[in-house]
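> Dropping a prediction and its sequence here:
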Amino acid sequence: MSLTYSVGDLTIHRIIEQEAPFFPALEFIPGLTAEVMAENRAWMRQAKALDEQDVLLLCFQSYVVKTPHHTILIDSCIGNDKSRPQRPKWHMKTDDTYMRGLKAAGVSVDDIDFVMCTHLHVDHVGWNTRLENGRWVPTFPKARYVFAKQEFDYWSEQNAKAEVPPFADSVLPVVEAGRHEFVGNDHQIGDHVRILPTPGHTPGHSAFTLGRDKDDAVFSGDLMHSPLQALYPELSMKFDVDQATAAKTRRSFLERYCDTETLCCTAHFPSPSVGRIRRKGSGFVRGGVIWRGSRRELPSSLGGGGSVRMQRSEMRIEVG
Ligand SMILES: [Zn+2]
């Protein structure tokens, strides 16, 4: 499996930390019914997006993007030595998978010029910091860490009410070290990096669009977690802070990039995780996934009573 993509004058590397069954689908996506699950089980399993127990498989990864000017890390994954008792696979882990992934991409921690987090959830900030002599220090010592001001303010407020561990151990130490930049939605880095506000999953969630004056690639973060949500953009997931806004954002994002040449790099879709968004009529392809396009009846189990129509978006992952 290739972990490297070239598009325009960008080189994109996937740095995978974990890829595993994560959460029972019916629980992860509260609006998903047994009926819709049954309808979609076969292709989901074929795409390795669902296991035999109907548990969703998710990939946890960072992207390293080289532009002609900078090396940029997008989302910093899970991290080591972090206390995450609710998630045994993430709790106090000490493996070298992530650092080996960086090395395989030909990148060292010193090479990263910017770290950009689509949002500040636990699995997107972990490697922002590492433990050194009992203190959290920035993992990427030469990088500027770009945080959306709105997202930072939201978590700052939450953390003031009750400590949010990933914010406390993976975001605040970066700010204390003075390595941060708080930015608005109009922020750009040179002529290659732009922000696309995509609220819903969290209030300040951002996608990043990269490419010289055009979107050669977009990094969609957690505006969708499973290919099932590309087929049913209405289906928000359990941890979307604002479920209705998340659904609206998902649909407009899919429409924006559908049938364009922009490479969509998802945070959590199963490998290959990366592809171009297509609306098209048929079938499945080997090594990739096709979601059928066109309008169809909303299953009555979703409350449509047959009279409400649902727009289906389709994404085909075109690899290599
Ligand atoms: Zn995530």
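Good, I have the coordinates. Just so it is clear, the model here is predicted, and its values are computed rather than measured. Numbers count the residues shown, from 1 in each chain.
> can you give me the strands in the stretch 51-200 of the chain?
For the stretch 51-200 of the chain, the strands defined by DSSP state E, counting those that start in this stretch cover 55-66, 71-74, 114-116, 129-132, 135-138, 144-148, 180-183, 188-189, 193-197.
> so what does the fourth one touch, helix or strand wise?
In terms of contact count using 3 or more CB pairs under 8 Å, 6 or more residues apart in numbering; DSSP states H and E, strand 129-132 is assigned the packing partners strand 135-138. The way it works is simple: take the backbone N, C-alpha and C, and place the C-beta from them, glycine included.
> weakest of the strands of the stretch 51-200 of the chain in terms of mean pLDDT?
Comparing mean pLDDT across those, the weakest is strand 188-189, with a mean of 94.
> residue in the stretch 1-150 of the chain nearest to the ion?
Residue of the stretch 1-150 of the chain nearest the ion, by CB to the ion: residue 123 (4.4 Å).
> tell me, how many neighbours does that residue end up with?
Look at residue 123: counted by other CB atoms under 10 Å, it has 23 neighbours.
> same thing with the one 3 residues further on?
Counted with other CB under 10 Å, the neighbours of residue 126 add up to 28.
> tell me which element residue 18 is part of?
Assessed by DSSP states H and E, residue 18 sits inside strand 10-24.
> just checking, what packs against that strand?
So strand 10-24, by 3+ CB pairs under 8 Å, 6+ apart, packs with strand 4-7, strand 55-66, helix 97-104, strand 263-266.
> one more time with 7 Å
Counting contacts by 3 or more CB pairs under 7 Å, 6 or more residues apart in numbering; DSSP states H and E, strand 10-24 packs against strand 4-7, strand 55-66, helix 97-104.
> Just the CA trace of that strand, in PDB.
What follows is strand 10-24, C-alpha atoms only, in PDB (Å, rounded to 0.1, in the frame of the first residue of the first chain):
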ATOM      1  CA  LEU A  10       2.500  18.900  -3.200                       C
ATOM      2  CA  THR A  11       3.800  15.600  -1.800                       C
ATOM      3  CA  ILE A  12       1.500  14.100   0.800                       C
ATOM      4  CA  HIS A  13       2.500  11.300   3.200                       C
ATOM      5  CA  ARG A  14       0.200   9.400   5.500                       C
ATOM      6  CA  ILE A  15       1.600   8.700   8.900                       C
ATOM      7  CA  ILE A  16      -0.600   5.900  10.400                       C
ATOM      8  CA  GLU A  17      -0.600   5.400  14.100                       C
ATOM      9  CA  GLN A  18      -3.400   2.900  14.500                       C
ATOM     10  CA  GLU A  19      -6.000   1.300  12.200                       C
ATOM     11  CA  ALA A  20      -8.500  -0.900  14.000                       C
ATOM     12  CA  PRO A  21     -12.100  -1.700  14.900                       C
ATOM     13  CA  PHE A  22     -13.100   1.300  17.000                       C
ATOM     14  CA  PHE A  23     -16.800   1.600  17.900                       C
ATOM     15  CA  PRO A  24     -20.100  -0.300  17.200                       C
END
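> just the angle between it and strand 55-66, please?
In terms of direction (axes from the mean of the first three to the mean of the last three CA atoms, to 10 degrees), strand 10-24 departs from strand 55-66 by 160 degrees.
> Now do strand 10-24, average pLDDT.
pLDDT averaged over strand 10-24 gives 97.
> Please list the residues outside the next helix or strand after it that contact it.
Per DSSP H and E, the first helix or strand lying C-terminal to strand 10-24 is helix 25-28. Outside helix 25-28, the residues that touch it by CB atoms under 7 Å, 6 or more residues apart in numbering are 32, 37, 50, 54-56, 237-238.
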